[in-house]
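K.L.:
just coords:
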Ligand code: FE
């Protein structure tokens, strides 16, 4: 009898106590880890009350991890760099469509999926860095020039198998066709000053050190050097200059950092809110500045080094093309031996 009374009393008590709803949260899988991102996440939590659990992974591991977790994946949002990787995520079926009038209004159409499975949130350009004392202004105007005989032994580039070069070649396949893209890759490979080695910053430094006259690099690596206080970096910048290729025709190849909502997102509503937040002015500035990239929205850049590069014409093919042509690009790189 006493037990029964106790149970009834407990049930009565439970019905009277209002249990607070579980705090809202968001599981963010990201391949980006910059200090300004911390502020970005804190501001989101302050504005929405949604707590962010960040799961860091390397660029090439993040997709595989979500795929392996399958239907039970706690992933709500995936963020990575380069369209080639976002495309892999889309192809792996780990992203879901999002319909958001906010995102459709502020993110340019060429930087997002037509079905809303992914959005670009910052933009980078694949630029050329030249030696000021050895390359006359205007001597190098287009990516296509890099394959010409006069550049023999003068070009520095990282491996052709790296996603940045695969995406650049993908853009050339999209605009020039496979045959011309292949002839270009073969020409560049033959013009290399040394076997591909290191990352993009190493190519820039090799130009400054006189090992080659032009380097292919993502813009943010150069902007990082411009913004650096280190004497070595200042010396590299003093000896070099940026060329935005193809300004008289299709524009410079542009790629993105971005992501989307995971297929089995347990906190879908919070995930969409987070993507919309990333497209807001303050978040755009933090996100872009974290890696010295350009915001994708109209918000003016707030980065000294980036501003110093000025405006340029961008190749506005939909970045999805960069994903679509990855396999063809890899086959061409293998064939021409740009390893
Ligand atoms: Fe990078």
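P.N.:
Done, it's in. All values derive from a computational prediction rather than experimental measurement. Residues are numbered from 1 along each chain as shown.

K.L.:
in whatever helix or strand residue 67 lives in, what's buried?
P.N.:
When elements are assigned from DSSP states H and E, residue 67 belongs to helix 59-69. Burial within helix 59-69, assessed by neighbour count using 16 or more other Cβ atoms under 10 Å, is assigned to 62, 63, 65, 66, 67. Placement of C-beta: from N, CA and C, glycine included.

K.L.:
residues touching the second one, list them.
P.N.:
This points to residue 63. 78, 80, 85, 88, 89, 92, 94 (Cβ atoms under 8 Å, 6 or more residues apart in numbering).

K.L.:
Looking at those residues, spot the one nearest residue 278.
P.N.:
Nearest to residue 278 out of those is residue 78 (Cβ to Cβ; 12.4 Å).

K.L.:
What's the first helix or strand after the lowest-mean-pLDDT helix or strand in the chain?
P.N.:
Taking mean pLDDT, DSSP states H and E as the measure, the chain has helix 2-16 as its least confident helix or strand, at a mean of 51. Using DSSP H and E, the next helix or strand after helix 2-16 towards the C-terminus is strand 25-30.

K.L.:
Outline the domain layout of the chain.
P.N.:
3-122+255-309, 124-252+318-336 (automatic domain parsing).

K.L.:
tell me, which of those domains is the model least confident about?
P.N.:
Across the domains of the chain, domain 3-122+255-309 has the smallest mean pLDDT, namely a mean of 90.

K.L.:
quick one, strands of the stretch 51-200 of the chain?
P.N.:
With DSSP state E, counting those that start in this stretch as the criterion, the stretch 51-200 of the chain has strands at 51-56, 77-81, 95-96, 119-131, 155-156.

K.L.:
So what are the sheet partners of the second one and their directions?
P.N.:
Using DSSP bridges, the strands paired with strand 77-81 in its sheet are strand 25-30 (parallel), strand 254-262 (antiparallel).

K.L.:
Serialize these to TSV and add fields for distance to residue 152 and mean neighbour count.
P.N.:
Conversion of those to TSV gives the following (distance: least, Cβ to Cβ, whole Å; neighbours: other Cβ atoms under 10 Å):
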stretch	distance to residue 152	mean neighbour count
strand 25-30	42	23
strand 254-262	28	27
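
K.L.:
In CSV: these, plus distance to residue 282.
P.N.:
What follows is the strands paired with strand 77-81, written out as CSV (distance: least, Cβ to Cβ, whole Å):
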stretch, distance to residue 282
strand 25-30, 18
strand 254-262, 17
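
K.L.:
Specify the angle between the helix holding residue 67 and strand 51-56 in degrees.
P.N.:
110 degrees (axes from the mean of the first three to the mean of the last three Cα atoms, to 10 degrees).

K.L.:
Spatially central, which residue of this structure would that be?
P.N.:
By Cα atoms, centre = their mean, the chain has its centre lying nearest to residue 257, at 2.4 Å.

K.L.:
Would you mind confirming that it is in contact with residue 32?
P.N.:
Yes - judged on Cβ atoms under 8 Å, residue 257 makes contact with residue 32 at a distance of 6.4 Å.

K.L.:
just to revisit the earlier point, most neighbours, which of the contacts of residue 63?
P.N.:
Greatest neighbour count in those, by other Cβ atoms under 10 Å, goes to residue 78: 31 neighbours.

K.L.:
what bridges to it?
P.N.:
Beta-bridge partners, per DSSP bridges, of residue 78: residue 29, residue 260.

K.L.:
who's in contact with it?
P.N.:
So residue 78 contacts 29, 30, 62, 63, 66, 89, 94, 95, 259, 260, 262 (Cβ under 8 Å, 6+ apart).

K.L.:
Which single one of those is nearest to residue 161?
P.N.:
The closest of the contacts of residue 78, once distances to residue 161 are taken by Cβ to Cβ, is residue 63, at 17.3 Å.

K.L.:
Tell me the spacing between the closest one and residue 29.
P.N.:
With distances taken as Cβ to Cβ, to the nearest Å, residue 63 is found 9 Å from residue 29.
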